[in-house]
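A.B. asks: okay, predicted coordinates and the sequence, questions at the end:
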Amino acid sequence: MKVLVIGATGGTGSHLLEQLFARGHEVRAMARREEQLEELRERGAEAVLGDLEGDIDHAVEGVDAVAFCAGSGSSTGPDKTLLVDLYGAARTIDACQQHGVRRYVMLSSIAAGDPLRGNEKIRHYLAAKHAADRILMCSDLDWTVVRPGGLTHDEATGAVELGLPQLPERGMIPRADVAAVMARCLEDPRSHGAAFELIGGDIPVDDVVDRLADASR
Ligand SMILES: NC(=O)c1ccc[n+]([C@@H]2O[C@H](COP(=O)([O-])OP(=O)(O)OC[C@H]3O[C@@H](n4cnc5c(N)ncnc54)[C@H](OP(=O)(O)O)[C@@H]3O)[C@@H](O)[C@H]2O)c1
């Protein structure tokens, strides 16, 4: 499968590249600056320039699946949250529909299902993620929405806790484990139509899609 990773230069996106290569997939990695492309190529990806505030159609055309791992980050203002996390994401969903790309895995956030549950300071961000998730979930794409807790740079543990749709409390999770779950969701149609929260826990990442399938029965 050929997967477009949006946000390939970021923490989780970078781990996702490794996961996808290790599992035998082709990767098209989108980055917004020319100087980022060479490293992505050295890692084995087809690297393309693309900015969520600009044209992204060429990046989407010709892939089998899209993994959205981008985000405007905490150092920018709410204007970028709207433009990147909401409108940018929405346009990638439109581009998938336009180019017949059916599979889409969204990296969202814990509490995006109900932004009023979230910390007041980041509610605008959670509302943007909520709206982007909803646009995806209302589309006819084969979607999965992954909503992790606080992301860490710790080593992968290989095990997680799932909240279907939500967890009783917040927690942290290594980016590497989130990427491992995203890779398995990309591959397995039994994850289509699932939106779930994710923190560190005891469920092996290899069993996550089984759990999603059991929960949907
Ligand atoms: N941090 C948390 O605790 C947390 C918790 C739950 C969910 N999340 C979600 O998870 C996402 C990924 O987090 P992360 O820490 O792994 O990511 P990250 O390291 O912050 O990387 C963000 C990625 O998005 C890219 N990006 C930003 N603006 C862009 C634009 N206009 N066009 C194209 N690409 C753009 C960045 O590109 P550059 O390299 O060019 O900057 C980078 O590749 C977050 O953005 C957030 O939505 C985060």
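C.D. replies: Yep, it's here. These numbers were taken from a predicted model, which means no experiment stands behind them. Residues are numbered from 1 along each chain as shown.

A.B. asks: helix or strand: which one has Trp143?
C.D. replies: For Trp143, the element it lies in under DSSP states H and E is strand 142-148.

A.B. asks: tell me the strands beside the next helix or strand after that strand, with direction?
C.D. replies: Downstream of strand 142-148, the first helix or strand assigned by DSSP H and E is strand 150-152. Counting by DSSP bridges, the strands paired with strand 150-152 are strand 172-174 (parallel).

A.B. asks: now check the following helix or strand past the partner strand, is it near the ligand?
C.D. replies: Scanning forward in sequence from strand 172-174 by DSSP H and E, the next helix or strand is helix 175-187. Yes: residues of helix 175-187 contacting the ligand under CB under 6 Å from any ligand atom: Arg175. Quick note: C-beta positions are derived from backbone N, CA and C, even for glycine.

A.B. asks: just stretch 52-61 next, same as before
C.D. replies: Yes: judged by CB under 6 Å from any ligand atom, stretch 52-61 and the ligand are in contact via Leu52, Glu53.

A.B. asks: could you report the neighbour count for Gly150?
C.D. replies: Number of residues near Gly150 (other CB atoms under 10 Å) recorded here: 12.

A.B. asks: how much space separates it from Ala127?
C.D. replies: Using CB to CB, to the nearest Å, Gly150 is found at 19 Å from Ala127.

A.B. asks: direction included, what does the strand holding Trp143 pair against?
C.D. replies: Strand 142-148 has its sheet partners listed here by DSSP bridges as strand 103-107 (parallel), strand 194-200 (parallel).

A.B. asks: excluding its backbone neighbours, what's nearest the closest residue to the ligand within the chain?
C.D. replies: Minimum separation of the chain from the ligand (CB to the nearest ligand atom) falls at Gly71, amounting to 1.6 Å. Closest residue to Gly71 apart from its sequence neighbours, by CB to CB, 6 or more residues apart in numbering: Asp85 at 5.8 Å.

A.B. asks: gap between the one you found and Ile93?
C.D. replies: 13 Å.

A.B. asks: with Gly150 instead?
C.D. replies: 26 Å.

A.B. asks: right, I'll leave it there.
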